[in-house]
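In: starting from these lines, generate the structure:
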Amino acid sequence: MSKTYDVAVIVGSIRKDSWNRKVGHALAEVAPPELKLTEVAIDQLPLYNQDSDAAPPAPFTAFRERLKKADAVIFITPEHNRSVPAALKHAIDVGSRPYGSSVWNLKPCAVISASPGAIGGFGANHHLRQSLAFLNMPTMAGPEVYIGGVDKLFDAAGKLTNDSTRGFLTKVMASYAAWVKANAPA
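Out: As a prediction, the model looks like this:
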């Protein structure tokens, strides 16, 4: 019997009808059975202040404890001004603190960006990779995933309707499963 990996999905958009969240649901549908994808919400995290390290707010503790249990992480992000949304950057910072207690260390990850624009969040994707390198997260190099025109890929119920994109995401998840198996801490 093969191991099932707990994959935390961090969606950078906190918008209720987020395209990136819809991408996350599509990924869960096409993921190999050894990957169990679960979104870890970031919208309830109060602003980080180092003064709170001694007595962290309950949302920080819950977020950190959930990420500690995860075997791997997928980040799905839109692009805000050629970078990641503030909520995503903030969640990454919360998980990396207090100093020396990062929940991100050695967790194999993938970065997916999606945007209604033609370049699919390219800038955010690469900006996020810089932070993940610093956090010592083995980041899957390829296939690179930039989903442009994301607003045209889903129906009113949020289901992926584009077969070409579904096929691509299926290949991405197969590659990611191999990445996680090769890089997840024992």
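
In: wait, isn't residue 91 in contact with residue 45?
Out: Yes - counting by Cβ atoms under 8 Å, residue 91 touches residue 45, with 5.9 Å between them. Glycine gets a C-beta too; all of them are placed from N, C-alpha and C.

In: mind listing the helices for the chain?
Out: 19-30, 58-69, 86-95, 122-134, 163-183 (DSSP state H).

In: low-confidence ranges in this structure?
Out: Low-confidence regions of the chain, defined by pLDDT under 70, span residues 1.

In: adding distance to residue 51 and mean neighbour count, write the helices of the chain out as CSV.
Out: As requested, these are exported to CSV (distance: least, Cβ to Cβ, whole Å; neighbours: other Cβ atoms under 10 Å):
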stretch, distance to residue 51, mean neighbour count
helix 19-30, 31, 21
helix 58-69, 12, 15
helix 86-95, 14, 20
helix 122-134, 23, 18
helix 163-183, 35, 17
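
In: nearest to residue 75, out of the ones you listed?
Out: helix 122-134 (6.0 Å; Cβ to Cβ).

In: from the contact counts, what lies against the closest one?
Out: On a contact count with 3 or more Cβ pairs under 8 Å, 6 or more residues apart in numbering; DSSP states H and E, helix 122-134 meets strand 72-77, helix 86-95, strand 109-115, strand 145-148.

In: residue nearest the centroid of the chain?
Out: By Cα atoms, centre = their mean, the mean C-alpha position of the chain lies nearest to residue 75, the distance being 1.5 Å.

In: that one and residue 13 touch, don't they?
Out: No - in this structure, residue 75 is not within contact of residue 13 by Cβ under 8 Å, at 11.4 Å.
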